[in-house]
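Q: Starting from these lines, generate the structure:
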Amino acid sequence: AGARQGGGLRGRLRRYTSGKALASGLGEGIFDRALADREWLRERLAEVESGRPMRAVEWGRAALVWANLHVCWALTEDRVEALSLERRVLAVQGVEWWNRAGRGGH
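A: Numbering: from 1, shown residues only. Just a heads-up that it's a prediction; the model follows:
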């Protein structure tokens, strides 16, 4: 992940679990896939129809729960090694969670 503003990795995870990261790579990727799941979408529509519509951040949180991701991290020597490790882990999982269109794959 590298050094970033906003509390590093913990800050980024906090944004995802709060539902406020819908427009980020991972948040957007998860939300796109949740919206394509008919059952997940039916549950959201049932909430709206019953008079309990959720805010966008709550939909983001619901999508993250739906994705059922498990987080772990490892220390690497540099960015190149970190990106290589990330690619290998994502290849094992078999799902492209990150929405990286137009970002050159990084």
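Q: Report the distance from the lengthiest helix in the chain to the chain centre.
A: As assigned by DSSP state H, the longest helix anywhere in the chain is helix 79-93. Distance of helix 79-93 from the chain centroid (Cα atoms, centre = their mean, to the nearest Å) equals 16 Å.
Q: Looking at that helix now, give me its mean pLDDT.
A: For helix 79-93, mean pLDDT rounds to 80.
Q: Mind listing what's buried along it?
A: residue 82 (16 or more other Cβ atoms under 10 Å). C-betas here are computed from N, CA, C, even on glycine.
Q: Likewise for stretch 42-50?
A: Under the neighbour-count criterion of 16+ other Cβ under 10 Å, stretch 42-50 has residue 44 buried.
Q: what packs against the helix or strand bottoming out on mean pLDDT in the chain?
A: Lowest by mean pLDDT, DSSP states H and E among the helices and strands of the chain is helix 8-18, with a mean of 70. Other helices and strands packing on helix 8-18, by 3 or more Cβ pairs under 8 Å, 6 or more residues apart in numbering; DSSP states H and E, are helix 25-35, helix 56-67.
Q: CA atoms of the longest helix of the chain as PDB?
A: Output of helix 79-93 as PDB, limited to C-alpha atoms (Å, rounded to 0.1, in the frame of the first residue of the first chain):
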ATOM      1  CA  ARG A  79       6.600  -1.100  -4.300                       C
ATOM      2  CA  VAL A  80       7.500  -3.500  -7.100                       C
ATOM      3  CA  GLU A  81       7.500  -6.500  -4.700                       C
ATOM      4  CA  ALA A  82       4.300  -5.300  -3.200                       C
ATOM      5  CA  LEU A  83       2.500  -5.100  -6.600                       C
ATOM      6  CA  SER A  84       3.900  -8.500  -7.500                       C
ATOM      7  CA  LEU A  85       2.600 -10.000  -4.300                       C
ATOM      8  CA  GLU A  86      -0.800  -8.300  -4.800                       C
ATOM      9  CA  ARG A  87      -1.100  -9.800  -8.300                       C
ATOM     10  CA  ARG A  88      -0.300 -13.300  -7.100                       C
ATOM     11  CA  VAL A  89      -2.900 -13.100  -4.300                       C
ATOM     12  CA  LEU A  90      -5.600 -11.800  -6.500                       C
ATOM     13  CA  ALA A  91      -4.800 -14.500  -9.100                       C
ATOM     14  CA  VAL A  92      -5.300 -17.200  -6.500                       C
ATOM     15  CA  GLN A  93      -8.600 -15.600  -5.500                       C
END
